[in-house]
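1. All I have is the shape, not the residue letters:
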């Protein structure tokens, strides 16, 4: 009877230890692999057609607003555009928009 209870207790402890070990391994592997998965997802997103077209359309809209804006608003628009394009590959922009961004960098 006691031997049976000890065996049951040992099996329960072993099962609990196994579950804990597997969960700990899952936590460690997630900590290691999750940032790498997210980096790949971000890179894929930044190379997507939708992201690039959206960014170009947004900068074109800012360009049109900039041409109509007062001096105060031009500074604000310049700040927004330069911030949005800080990590963007500017070679994907049209020559007109590249000139616009270069002008903003020079003036502000």
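-> Here it is on my side, so go on. All values reported here derive from a predicted model rather than from experimental measurement.
2. got any ranges where the chain has weak pLDDT?
-> Along the chain, the model assigns pLDDT under 70 to no residue.
3. try it again with 80
-> Within the chain, the segments meeting pLDDT under 80 span 1.
4. and after the host helix or strand of residue 4, which helix or strand comes next?
-> If you go by DSSP states H and E, residue 4 is part of helix 2-46. Toward the C-terminus, helix 2-46 is succeeded by helix 49-68 as the next helix or strand (DSSP H and E).
5. what distance separates that next one from the centre of its chain?
-> Average the C-alpha atoms of helix 49-68, do the same for its chain, and the two points are 20 Å apart (Cα atoms, centre = their mean, to the nearest Å).
6. Can you get me a residue count around the nearest residue to residue 80 once chain neighbours are set aside?
-> Spatially, and ignoring its direct neighbours in sequence, residue 80 is nearest to residue 62 (6.7 Å; Cβ to Cβ, 6 or more residues apart in numbering). Glycine gets a C-beta too; all of them are placed from N, C-alpha and C. By other Cβ atoms under 10 Å, 21 other residues sit near residue 62.
7. What of residue 87?
-> 7.
8. Now it. Its backbone dihedrals?
-> phi -110, psi 10 (degrees, to the nearest 10).
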